[in-house]
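>>> Just need the structure, nothing else, for what follows:
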Amino acid sequence: MRLRILKDLWIRHTFRILLLLTLSMVVFIGIGLFIKSLPLLKDQNLFTILSGSTWSPLKGQFGFLPFITGTVSVTLIALVIAAPLCLLSSIYLVEYASALLKKTVLPLINVLAAIPPVLYGVWGILFVVPLISNYIGPIFGSPNAGYSILSGGIVLAVMIFPIMISIMVEVLETIPPDLKAASLSLGATRWETIQKVILKKARPGIIAAIVLATSRAFGETIAVLMVCGNIPQIPKSLFDAGYPIPALIANNFGEMMSIPHYDAALMFAALLLLTIIFLFNLISRLILNKLEEKA
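Below you'll find the model as predicted:
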C-alpha cells in the first residue's frame, strides 16, 4: 500500500513539474527576446519606438507604428470576413445539413488546415491580387492596388476558416437537444430557436473559437508576406500596402546584421508580437469569464 501511495505522489509531482516547465517556456521566450532587445531599448525611448512611423535602419530610426497598424489591419479584415461566414456555415452544418453532407464537408474543411501556408500565398498572388487590382480596386478609384492589406486579409480569412468552423461546429453540437425541443414545442421556428436559444447558449464557445483563430492570424507569416506589399507605411485604406510584424521578421532576419541595433530591433518586433498576442488572449479570457458568469 505504501509503495502505491509513493508511486502516486511521484507521478503527481512529476506531472506538476512538467506542467510548470511547459508554462515557463513562454516566460523564457519572453525573457530571451527582452534581453536581445535591450540594446535598442537603452538607445531609444519606448514611446518613440512604438509611435514612430519611420523605418530606416541605416539612419537608426526604428518606428514600429506602421508594422503594428499593418498587423492589426490585416487581422481585423480577416476576422470581418471569416467570422460571419464561419458562424453561418457552422449553423447550417449543425442545424440544417443532412448527415451525409456533414460527413462529407467537415473532412474537406479539415483538409484546408493541412495545406501549407505558402500555397495559400501562391493562390493569393495568382487569384486574389489580380482580382483586386483589375476589378475591385478600379471601382473604388484605386487601380493597381493588388498587393494590399485587403489581399492579405482575404488570404488570412481563408486560412483561419478550418479552425474556426471546426470549433464552432463542436460548440454548437454540445447544446442539449432538450433546449431545442423545448423552444420548438413552445411554437418557435427553427431560426428563432437558433437566434434565441442556441446562439445565446453557445456564445462563450463561439467567442473562444474567434479568439483562437485570431491568435493564429496574428502570427501568420509566409502567405501574408506574399500578398501584402510589404511597404513600411500606415495603411490609410483597404487598398494600401501594409507590412505586418511577422513579415518584417521573416523578410529581414539574418540580413544586414552589421547595422547597429538592427538585430535588436527585429528581436523587439518578435517581443512586440508576443505581447500583442498575450494581451489579446488575456482580455478575451476576461470577457469570456464575464459571459460565462452571466450564462
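>>> All the helices of the stretch 51-200 of the chain, residue numbers only.
Counting by DSSP state H, counting those that start in this stretch, the stretch 51-200 of the chain has these helices, from start to end: 65-91, 99-114, 117-123, 129-131, 137-139, 149-173, 177-185, 190-193, 199-219.
>>> looking at these, which is buried most?
Among the helices of the stretch 51-200 of the chain, helix 149-173 has the highest mean neighbour count (mean count of other Cβ atoms under 10 Å), at a mean of 24. C-beta coordinates here come from the backbone N, C-alpha and C atoms, glycine included.
>>> And that one, how far out from the chain middle?
In this view, helix 149-173 has its centroid 9 Å away from the chain centroid, taken as Cα atoms, centre = their mean, to the nearest Å.
>>> now the end-to-end length of stretch 129-137.
Counting by Cα to Cα, to the nearest Å, the length from the leading to the trailing residue of stretch 129-137 is 10 Å.
>>> Repeat that for stretch 120-134.
For stretch 120-134, by Cα to Cα, the gap between its terminal residues amounts to 20 Å.
>>> contacting residues around it?
When contacts are taken as Cβ atoms under 8 Å, 6 or more residues apart in numbering, the neighbours of stretch 120-134 outside the stretch itself are 143-148, 150-152, 154-155, 158-159, 222-227, 239.
>>> what is the mean pLDDT for it?
When pLDDT is averaged over stretch 120-134, the result is 90.
>>> now swap in stretch 230-249 and tell me
Taken as a whole, stretch 230-249 carries a mean pLDDT of 88.
>>> ok, residues contacting it?
Identification of contacts with stretch 230-249 by Cβ under 8 Å, 6+ apart yields 53, 55, 64-71, 73-74, 77, 132, 137, 140, 142, 145, 147-150, 152-153, 218-221, 224-225, 228-229, 251, 266, 269-270, 272-273, 276.
>>> which stretches of the stretch 1-150 of the chain aren't confidently modelled?
Segments of the stretch 1-150 of the chain classed as low confidence (criterion: pLDDT under 70) are 1, 143-144.
>>> Packing partners of the longest helix seen in the chain?
The longest helix of the chain (DSSP state H) is helix 2-43. Under the contact definition 3 or more Cβ pairs under 8 Å, 6 or more residues apart in numbering; DSSP states H and E, helix 2-43 sits against helix 262-294.
>>> What residues of the helix it packs on count as buried?
262-274, 276-277, 280, 284, 288 (16 or more other Cβ atoms under 10 Å).
>>> what packs against it?
Contacting helix 262-294 under the criterion 3+ Cβ pairs under 8 Å, 6+ apart are the following elements: helix 2-43, helix 65-91, helix 199-219, helix 245-252.
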